[in-house]
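A.B. asks: Attaching a predicted model along with its sequence, questions to come.
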Amino acid sequence: MRKIFDLVANNAVPAVFIIISAFAIPLSGYSASYLIQELLTRIGRNSFLILSLLIPIMAGMGLNFGMVLGAMAGQIGLLFICDWGVVGIPGMVLACLIGTPIAIVLGIFCGHVLNRAKGREMVTSYILGFFINGVYQMTVLYLMGWVIPITNPALLLSRGYGVRNAVSLLGIRGVLDNLIPTIITGTQGAGQFLSVNGAKSYILMQIPFLEGAIRIPLATLVVIALFCVFIVWFRKTKLGQDMRAIGQSQSVADSSGIPVNRTRIIAIVISTVLACYGQIIYLQNMGTLNTYNSHDQTGMFSIAALLIGGASVSRATIANVFAGVILFHLMFIVAPVAGKNLIGDAQIGEYFRVFVSYGIIAISLVLHAWRRNREREAARRSLRGNKGGE
Amino acid sequence: MSEGNTPLLRLDHIGKEFYGNRVLSDISFDINAGEIIGLVGENGAGKSTLLNILFGMPVISSTGGHEGKIQIDGRNVNFTSPNQALAHGIGMVHQEFSLIPGFTAAENILLNREVLNGSSMSYLFSDRVSTLNRTAMNERARAAINTLGVNISPYMSVSEMPVGYKQFIEIAREIDRKNTRLLFLDEPTAVLAESEAEILIAALKKLARSGIAIVFISHRLSEVKELCHRILVLRDGRLITDRPADELTTRQIASLMVGRQSSSVDLEKHEIPEEIPAEPETADSVLASPKKKKKIRPALKVEHLWVDMPGETVRDVSFEVKKGEIFGIGGLAGHGKLGIPNGIMGLYPAGGTVRLFGRKLTLNKPRAALGRKMAFVSEDRRGVGLLLDEPLDWNITFTAMQTQGRFLLGIPYIFQVRNEHAMRREARKFIDSLSIKCTGPGQLAGELSGGNQQKVCLAKAFVLRPNILLICEPTRGIDIGAKSLVLDTLKEYNRENGTTIIITSSELEELRSVCNRVAIVDEGKIAGILPASSPAEDFGMLMMGQTRHDEEGEESA
């Protein structure tokens, strides 16, 4: 009985999403190939960002709302390459190179702050995100073009300093996604889709009964796969083991000589740097940078997706990441159309997805607190040797 | 033991003062390889200070170091951090488990000493990026567990282990350190069932035969006697006895620990109020049947009480307190004596039945307990007992105002304001009668000295006009003069108002001087209830978990 209850409590969130999607997909009227195409695009776009959350969870620091710090670092890198006109893969690599040191500095800062707020990491990193956002806005809005040299007039506001709200990333748009152009087609009409963006595409495979064609962001998926391998390897290292130990009991880890504070800072730095790369990958797919808003929702949506994938504040796996991306974005895709077809208003879908993101985060925080209380009670009871009932 | 050889560890005239307060003086003894030493003593006898010195805890060096010399293999050492002690082969197993629940036995045993695969990355960064060699880790863990002669799988998760296994894992962790030669075990059997404790003792004997010296700290004297070769008794910071275990009986050890003669207690203080039939209770009759049939309904009857108070767990406690009695609850720290009053008052999750003058009390609701005219003086004076940033008159009248609606003007439930005048008058009354040293009822409670704060706590309880008064550690942290004043106040209050008082204290002498009867709590259970006039060593025996049964068995053997 207890086990069944735990099973339901642990998987309630993904289950609800599967049920909603099961109703919404037929209502939306989208074809399978369209849905698969959209999902693949979004897996490529978002997975890296979400994966960057895993390591702090392992180290017991909860959901790293501070990942927006990394996202901002990535955007700074992108602004520079736009100004310098470096395009293509070299542009992306250069953006990463510029973003990395900024992300490391921000990560170290964030780690030090969080070490002073143990047990309240999530709310602290959330508010820290707002604070660094202020610094970022000041840098981009006032310092760029004035103190920090930005010469490209297409980037600057007409007053001569400060970056425009929308920056086109045409130079690197889709470069990683289309690095190895690949499509899957149905058996009919294969010839129509052989060129994508003017480049020759390889047909990966042909699946009978599939209508239309699906473009695969193969290079992006390879990068994400490499990242997953990195995480699997990282868990096996001494550093990963230390983080797991700290995640479960800081005091025990400390008394056995593991440098707790230092290790926690390393966890946050890794997360921040990876979030920086994740944001660059995300924006190369989107093709435009909303200078002042792009990073805003990054943390919130990544965390919501991870939680929807069945992760909790203290436990998250790679499988949770992908389950989360698929379920969360499936909902994003179908909900507006389903809402429109059902009620005649597309806004209901948009409303629903924002409502759901915040709602899911709230629910999992409450579940986490509730579960922790129960564990604490059980621990207390075990001290008594389970005598005395209740 | 082996004369002429250099002992493994030699302590030479070790002493320690904390801010002019002497806690250890002139401790000298040797420990040889393979020897098991039993270290016993009451709370505050200096055991933990001695361990802290030997283990190089920062608390020692930061308070001016210690006196005397420590020698290992004949060479002087002076540890300033636990890591140095570890490097010299001194291992320590604490009373609380320091294991990571989600890890396996092997992961815990090798925590932060994992076996690593070599990696080219480790040259670039540090060893921490090398992967773990799990096969080798499990092998090493298995070897350490086998040394103890028990069979635990290295793959087993600690969270799924019975308590006894966890203790073995802790010890295996110390053994795995290659150089461990001296192992300190601080009450390792406290959390174990009897059968588990037996396995542990067998394992420790096996360990000692392999040449590791063991210092075993326990309050279970029968275990100490069975396991150890030599027994050291500490009392008031001095080494009282250092003798082979065969030469001592548990009764002798207990009386050495307590150390005082019963004649030292002022028997004049044992006037029993008239309400109580002054029946001569012998130690035997009480121990044989703690529950007795009474004609008079008891003021407080506690049956199978359990309390989840962290660090003071109460497992199964039953006792009765007669009306007008001063009842003492004593015992070693951490055995649950503080849990009993805190549980009855509803401050920690509790279960069982508590009857107040025959009527059942709702547990887990402080309001219910207060509503039944019980008053409580907490051991946590500054945290629970007082509103430190509020004036004295507020502190004294606060509980009465909240629970009994006194010191208020206006219409109840509609509109009420504080009756400042009445509050101040009440506070003045107590400031005079308890001679609280303060500038007046307006002074903040946080500004008073410990003894005067305690008097304020008492006043706060007296204002409630309680039928039953529960007091925890009435004299903790206050100076001697204030101590006797507090105790006299309690006795006087009991005599004048016939209030039933239950005092919980770590100081046995204090309880014996004030109370009619004293219950001794051991491992969350009542070990026995004795009249205060019983000899001190009887109390000592109860505290050391020595039941009459054990003792008879030992003496007949």
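C.D. replies: The structure has been received and is ready for your questions.

A.B. asks: all strands for the stretch 151-300 of chain A, in order.
C.D. replies: A:166-168, A:181-185, A:195-196, A:199-200, A:202-206, A:213-217, A:288-290 (DSSP state E, counting those that start in this stretch).

A.B. asks: ranking those by mean pLDDT, which is last?
C.D. replies: Among the strands of the stretch 151-300 of chain A, strand A:195-196 carries the lowest mean pLDDT, a mean of 50.

A.B. asks: give me the number of residues near A:Ser28?
C.D. replies: 22 (other Cβ atoms under 10 Å in any protein chain shown). Glycine gets a C-beta too; all of them are placed from N, C-alpha and C.

A.B. asks: what does B:Gln416 give?
C.D. replies: 13.

A.B. asks: same check, this time on B:Leu388
C.D. replies: Neighbours of B:Leu388 under the rule other Cβ under 10 Å: 15.

A.B. asks: which residues of the chain score low on pLDDT?
C.D. replies: Chain wasn't specified; assuming chain A. A:1-2, A:9, A:186-206, A:208-211, A:346, A:349, A:383-390 (pLDDT under 70).

A.B. asks: ah, no, chain B please
C.D. replies: B:1-5, B:95-96, B:119-125, B:259-296, B:545-557.

A.B. asks: which parts of it sit against chain A?
C.D. replies: Within chain B, the positions adjacent to chain A are B:83, B:98-103, B:107, B:111-112, B:114, B:116, B:127-132, B:163, B:304, B:306, B:308, B:310, B:313-316, B:349, B:351-352, B:524 by Cβ under 8 Å from any Cβ of the partner chain.

A.B. asks: Among these, which ones are in helices?
C.D. replies: Among those, DSSP state H puts B:Asn83, B:Glu107, B:Val163 in helices.

A.B. asks: now these as CSV including neighbour count?
C.D. replies: Below are those laid out as CSV (neighbours: other Cβ atoms under 10 Å in any protein chain shown):
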residue, neighbour count
B:Asn83, 11
B:Glu107, 24
B:Val163, 14
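
A.B. asks: so which of the residues you listed comes closest to A:Glu377?
C.D. replies: Nearest to A:Glu377, judged by Cβ to Cβ, of these is B:Val163 at 17.4 Å.

A.B. asks: which residues sit in contact with that closest one?
C.D. replies: A:Ser382, A:Gly385, B:Val191, B:Leu192, B:Ala193, B:Glu196 (Cβ atoms under 8 Å, 6 or more residues apart in numbering or on different chains).

A.B. asks: Most neighbours among those, please name it.
C.D. replies: Going by other Cβ under 10 Å, B:Leu192 tops those with 22 neighbours.

A.B. asks: could you measure B:Leu332 against B:Asn43, distance?
C.D. replies: Counting by Cβ to Cβ, to the nearest Å, the gap from B:Leu332 to B:Asn43 is 5 Å.

A.B. asks: Narrow the contacts of B:Val163 to those in helices?
C.D. replies: Under the assignment DSSP H, the contacts of B:Val163 contribute A:Ser382, B:Glu196 to helices.

A.B. asks: Rebuild the contacts of B:Val163 as JSON lines, extending it with distance to A:Ile132.
C.D. replies: Supplementary listing: the contacts of B:Val163 in JSON lines, determined by distance: Cβ to Cβ, whole Å:
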{"residue": "A:Ser382", "distance to A:Ile132": "43"}
{"residue": "A:Gly385", "distance to A:Ile132": "50"}
{"residue": "B:Val191", "distance to A:Ile132": "47"}
{"residue": "B:Leu192", "distance to A:Ile132": "52"}
{"residue": "B:Ala193", "distance to A:Ile132": "54"}
{"residue": "B:Glu196", "distance to A:Ile132": "53"}
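
A.B. asks: from the contacts of B:Val163, which is closest to A:Ser52?
C.D. replies: Ranked by distance to A:Ser52 (Cβ to Cβ), the contacts of B:Val163 are led by A:Ser382 at 36.5 Å.

A.B. asks: any chance of the ones in helices among the residues of chain B next to chain A in a markdown table, with distance to B:Ile212 too?
C.D. replies: Shown next, in a markdown table, are these (distance: Cβ to Cβ, whole Å):
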| residue | distance to B:Ile212 |
| --- | --- |
| B:Asn83 | 20 |
| B:Glu107 | 24 |
| B:Val163 | 23 |
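
A.B. asks: So which of these is the closest to B:Arg512?
C.D. replies: When those are compared against B:Arg512 (criterion: Cβ to Cβ), the nearest one is B:Val163, at 34.3 Å.

A.B. asks: Verify the stated contact: B:Leu8 with B:Ile212.
C.D. replies: No - in this structure, B:Leu8 is not within contact of B:Ile212 by Cβ atoms under 8 Å, at 9.4 Å.

A.B. asks: Just the closest residue of the stretch 51-200 of chain A to chain B, please.
C.D. replies: A:Gly60 (10.7 Å; Cβ to the nearest Cβ).

A.B. asks: so which strand or helix has that residue?
C.D. replies: For A:Gly60, there is no host helix or strand (DSSP states H and E).
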